[in-house]
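1. coordinates for the following, if possible.
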Amino acid sequence: MTSSTLFACFGTILALVAGALVFIFIIVPIIGHVFGFLARLIRFIFQEIRDIILVPVALFVCAIKLIRAAICVVLARWDIVHAETKAAKARIAEAWDRTVAIFIDNPLRVFAIEPPKQHKSPVQFKHVQVELNEAKQALETVRSSIVESKVRFEGYKILGTLPAGGSGAKLFIAQPDNAEQKVVIKYFDISSGSQLPQIVRESRAMESAKKLGLVLEHRLDTNRFWYATPYHEGEHLGVVTNTLHGTHKNLTNKQFKSILLYQQTLLQTLRKYHDAGLWHKDVKPDNIIIHDETAHLVDLGLVTPLASAMTLTTHGTEYFRDPELVRQAMRGVKVHQVDGSKFDVYGAGAVLYFMLENTFPAHGCLSDFSKQSPEGLRWIVRRAMADYDKRYDSIEEMLGDVEAVLRSSHISKVRPADLPSVNESDVELDTVHVNARRLPSRTTPSTGGGPFPKRTYRTETSGIIAIIISIIVGVFVIFDFTDDPAIPTIETQRASILDYPQPGGRILILNDLGVSSNDEVRRMATNTIAQLDVVGWDVFIDPDVEARVRSWLPSDLQSVEDMTKLGNEKISGVLVLQQGNNGEIELTLIDKEGAHVFDVVQYVDG
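-> This next block holds a predicted model:
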């Protein structure tokens, strides 16, 4: 090899090394700077648009805060004046920071110069909606403050308001003239839209509740009804539970003890109700206030005497209301014919599930557990939410099990066999389930759920090939056989009865499904009627009225012409449940407008 060839090889190597160094230390940094500049430019555009939108929003909210502060000055509500002026100052400061960002901070960031003082602001346009919602709430509060300033309660001084519930009542925080303890006044005004049935229902158990100290005072006159209950500062159980779980996947032994303390005080309160012959009927997280590690059960809106001769109603909150209550109400069962305290047991079990899982039991007693929790607590939940005849006989029995777990230094080591209700009876663990065959597959015999070890899944090549083949076959079927009349199709459903204008009176339920209807059909019918009750329909079952209606109701419901007979029965309509030819549920509503047919589910062959 000649010297010229060696020099040529050496020169080539040097050129490659020099080219690589130039690419790594010059070209790559230049490309990085270019892309970095483009990224900062895009962020600048985003930040400018965001700040330009949020500056007027902050000023608008500030104006609303100042207006409300001015109104509260007139009302001598100095606590609210201070809070509103402080909030207004914060909005002004925010508007100033964003204005500075528009003209100074954001342009500097384009050239990678970070300002020494950064204003705190969200980086998503979602903040705009939050600000607008807050402004809307402030306007509503201003309107409410003007209206509520005219309300007076003898012997009480109004200090503030609370968010209203679904009963149409207004809630006030008040101070008695002769006491320091604050109270909550629930106020119904017929002239303002409060419903008389709700007033009657809430006034029915007032005397009994007053004897227990749950109600301090109540008054009823021709135009309004109100009662005062003790006020408990704190958050409701839903907020406390969410904070308890936080960002951690599993709860600690200390947190389980907190949950058990809340459950213990809740059950002790329910025991007071039941001993006094009352049934709360609406046990749910929103009605439980946590203060000083104690659960305070509030809202007496649905409290009912256990010995009442009234017909059961489906009032309550879904997921925390016993499905058996809905079924019994659909049959027209009277309150005194069942043990209403066992419905509160179900609600207490659903609340305990909520605290353990940080979500509601969407499938009732069959709801699976996704988080690790002690087996003893899961068993308590399962038994409390079991079928009516298999659950705890009383709150006292459930309280005994909870306190037994609470006394243990290691909650996770308490087994169902260690609980008093199991030791003192012949209850078998498997019998507390509604139906063992319907439980989720990954369960243990005693609790219906883990904790389970994590499983590692690995994608197999054969699985990928099977998915690809399935997609190809699916596309081929869709494009070649969509119009084949031999394939069963789902007929478009008729309009939902929930979309029909709500009648202005009572609706009689006639159940013509028959004994041959399967459980699924009955369940769908029950859910439909329950939904009507939840959205406000006044549905009821009365054998005497049913007998009179059937005497003039023709077999062909479409041929009903004389609607005056509805008025004779003092009802606005009749809802007949029937089973169609194809097994679907058919709802026929007969009101003053005529007969209307609605389908719940319908499958037909094309």
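
2. when you work out contacts or count neighbours from here on, use the C-alpha atoms and nothing else.
-> Noted.

3. so where's the stretch 301-450 of the chain shaky on pLDDT?
-> Scanning the stretch 301-450 of the chain for pLDDT under 70 picks out 424-450.

4. got the buried residues for stretch 244-259?
-> With burial defined by 16 or more other CA atoms under 10 Å, the residues of stretch 244-259 counted as buried are 244-245, 251, 256-259.

5. swap in stretch 32-48?
-> Buried, per 16+ other CA under 10 Å, within stretch 32-48: 37, 40-41, 44, 47-48.

6. before we move on, what about stretch 69-78?
-> For stretch 69-78, the neighbour count (16+ other CA under 10 Å) marks 69-72, 77 as buried.

7. chain center to that stretch, what's the gap?
-> 35 Å (CA atoms, centre = their mean, to the nearest Å).

8. what mean pLDDT does it have?
-> For stretch 69-78, mean pLDDT rounds to 76.

9. try stretch 37-50
-> The pLDDT scores in stretch 37-50 average 90.

10. extract the CA atoms of it and return them as PDB.
-> Provided in PDB are the C-alpha atoms of stretch 37-50 (Å, rounded to 0.1, in the frame of the first residue of the first chain):
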ATOM      1  CA  PHE A  37     -38.200  28.400  19.900                       C
ATOM      2  CA  LEU A  38     -41.200  27.000  18.000                       C
ATOM      3  CA  ALA A  39     -42.400  25.300  21.200                       C
ATOM      4  CA  ARG A  40     -42.100  28.600  23.100                       C
ATOM      5  CA  LEU A  41     -43.800  30.500  20.300                       C
ATOM      6  CA  ILE A  42     -46.800  28.000  20.400                       C
ATOM      7  CA  ARG A  43     -46.900  28.300  24.200                       C
ATOM      8  CA  PHE A  44     -46.800  32.100  23.900                       C
ATOM      9  CA  ILE A  45     -49.900  32.100  21.600                       C
ATOM     10  CA  PHE A  46     -51.700  29.800  24.000                       C
ATOM     11  CA  GLN A  47     -50.900  31.900  27.100                       C
ATOM     12  CA  GLU A  48     -51.800  35.200  25.400                       C
ATOM     13  CA  ILE A  49     -55.200  33.800  24.400                       C
ATOM     14  CA  ARG A  50     -55.800  32.400  27.800                       C
END
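
11. change the start of the numbering to 674 and stick with it
-> New numbering, starting at 674: the last item is stretch 710-723.

12. how distant is that stretch from the center of its chain?
-> The answer for stretch 710-723 is 39 Å, by CA atoms, centre = their mean.

13. of the buried residues of stretch 705-721, closest to residue 973?
-> residue 720 (49.7 Å; CA to CA).

14. domain parsing of this protein, as residue ranges.
-> 705-819, 824-903, 922-1111, 1170-1272 (automatic domain parsing).

15. in what helix or strand does residue 1002 lie?
-> helix 996-1003 (DSSP states H and E).

16. mind giving me the packing neighbours of that helix?
-> Using 3 or more CA pairs under 8 Å, 6 or more residues apart in numbering; DSSP states H and E as the contact test, the elements touching helix 996-1003 are helix 1192-1207.

17. which residues of the stretch 724-873 of the chain score low on pLDDT?
-> Scanning the stretch 724-873 of the chain for pLDDT under 70 picks out the ranges 749-752, 789-823, 837-841, 863-873.

18. show me where it has strands.
-> Assigned by DSSP state E, counting those that start in this stretch, the strands in the stretch 724-873 of the chain fall at 829-835, 843-849, 856-862.

19. including mean neighbour count and distance to residue 1083, could those go into JSON lines?
-> Listed next are these as JSON lines, based on neighbours: other CA atoms under 10 Å; distance: least, CA to CA, whole Å:
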{"stretch": "strand 829-835", "mean neighbour count": "16", "distance to residue 1083": "40"}
{"stretch": "strand 843-849", "mean neighbour count": "20", "distance to residue 1083": "41"}
{"stretch": "strand 856-862", "mean neighbour count": "23", "distance to residue 1083": "39"}
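
20. tabulate these in a markdown table, adding columns for distance to residue 1210.
-> A markdown table is the format used below for the strands of the stretch 724-873 of the chain (distance: least, CA to CA, whole Å):
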| stretch | distance to residue 1210 |
| --- | --- |
| strand 829-835 | 27 |
| strand 843-849 | 22 |
| strand 856-862 | 20 |
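
21. out of those strands, nearest to residue 706?
-> strand 829-835 (55.3 Å).

22. residues making contact with that closest one?
-> 750, 825, 843-850 (CA atoms under 8 Å, 6 or more residues apart in numbering).

23. again, 6 Å this time
-> With contact meaning CA atoms under 6 Å, 6 or more residues apart in numbering, strand 829-835 is reached by 844-850.

24. how far off centre is stretch 973-985?
-> Put simply, stretch 973-985 sits 24 Å off its chain's centre (CA atoms, centre = their mean).

25. scan the chain for its longest helix.
-> Across the chain, the longest stretch assigned as helix under DSSP state H is helix 701-747.

26. okay, the domains of the chain in CSV with distance to residue 682 next?
-> Output for these, formatted as CSV (distance: least, CA to CA, whole Å):
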stretch, distance to residue 682
domain 705-819, 33
domain 824-903, 85
domain 922-1111, 63
domain 1170-1272, 85
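
27. any idea which of those domains is most buried?
-> Of all these, domain 922-1111 has the most neighbours on average by mean count of other CA atoms under 10 Å, namely a mean of 19.

28. distance of residue 1221 from residue 1176?
-> 21 Å (CA to CA, to the nearest Å).

29. I'd guess residue 1035 is in a helix, am I close?
-> No - using DSSP: H, G, I helix; E, B strand; the rest coil, the assignment for residue 1035 is coil, not a helix.

30. how close does it get to residue 1042?
-> Residue 1035 sits at a distance of 11 Å from residue 1042 (criterion: CA to CA).

31. please apply the same query to residue 997.
-> Counting by CA to CA, the gap from residue 997 to residue 1042 is 22 Å.

32. residue 685 is in what secondary structure piece?
-> Element membership for residue 685, per DSSP H and E: helix 676-695.

33. next one: that helix to chain centre, how far?
-> Chain-centre distance of helix 676-695: 73 Å, with CA atoms, centre = their mean.

34. that one vs helix 701-747, what angle?
-> If you take axes from the mean of the first three to the mean of the last three CA atoms, to 10 degrees, helix 676-695 sits at 0 degrees to helix 701-747.

35. residue 681: neighbour count?
-> 11 (other CA atoms under 10 Å).

36. report the contact partners of it.
-> Counting by CA under 6 Å, 6+ apart, residue 681 touches no other residue.

37. and the pLDDT for it?
-> For residue 681, pLDDT reads 80.

38. what of residue 1244?
-> 89.

39. how close does the closest residue to it other than its chain neighbours sit to residue 1228?
-> Spatial nearest neighbour of residue 1244, excluding adjacent residues (CA to CA, 6 or more residues apart in numbering): residue 1179 at 5.1 Å. With distances taken as CA to CA, residue 1179 is found 22 Å from residue 1228.

40. what does residue 711 give?
-> Taken as CA to CA, the span from residue 711 to residue 1228 is 76 Å.

41. where do the helices of the stretch 1174-1279 of the chain begin and end?
-> Using DSSP state H, counting those that start in this stretch, the helices found in the stretch 1174-1279 of the chain span residues 1192-1207, 1216-1225, 1237-1241.

42. relative to helix 996-1003, how tilted is the first one?
-> Yep, that's helix 1192-1207 we're talking about. For helix 1192-1207 against helix 996-1003, the angle by the same axes, to 10 degrees is 80 degrees.
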